[in-house]
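*Asks:* Compute the structure for the input listed below.
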Amino acid sequence: MKVTVDIDCTPEEARKFMGLPDVQPLQEAMLKDMEVKMKGSLDKMDPETFIKSWLPMSLDSFEQIQKAFWGSFGKNKE
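*Replies:* Numbering: from 1, shown residues only. Predicted coordinates:
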């Protein structure tokens, strides 16, 4: 035997019925705090610092790696 029960209620009504805590005020406070912190860190970040943090390798380092790469091919030919 199979019994199906459909309950038509809102998520808030279901939460209250199940006895679960209301975390919406906590969530809103945490989101506001996170927004303030993110905006503060974005204001401090200039484009040059941003690029250097994502691309730590300088052009000279890249050229050295490239020379070593091509140099290893040249040694195999000899």
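*Asks:* For the chain, just list every one of the helices.
*Replies:* 11-18, 24-44, 47-54, 59-77 (DSSP state H).
*Asks:* where among those helices is the average confidence lowest?
*Replies:* The weakest mean pLDDT among those belongs to helix 47-54, with a mean of 68.
*Asks:* Okay, residue 17 and residue 27: tell me how far apart.
*Replies:* 20 Å (CB to CB, to the nearest Å). The C-beta positions use only the backbone N, C-alpha and C, and glycine is treated the same way.
*Asks:* same thing with residue 1?
*Replies:* The value you get for residue 1 to residue 27, if CB to CB is used, is 42 Å.
*Asks:* between the two, who's got more neighbours?
*Replies:* Using other CB atoms under 10 Å as the criterion, residue 1 and residue 27 rank with residue 27 on top: 10 against 2.
*Asks:* tell me the domain ranges of this protein?
*Replies:* Using automatic domain parsing, the domain ranges for the chain come out as 9-44, 47-78.
*Asks:* Give the burial count for the residue nearest to residue 9 when sequence neighbours are not counted, as a bare number.
*Replies:* Leaving aside its sequence neighbours, residue 9 sits nearest to residue 17 (CB to CB, 6 or more residues apart in numbering; 7.2 Å). If you count neighbours by other CB under 10 Å, residue 17 ends up with 10.
*Asks:* Check residue 29 too.
*Replies:* Residue 29 has 10 nearby residues by other CB under 10 Å.
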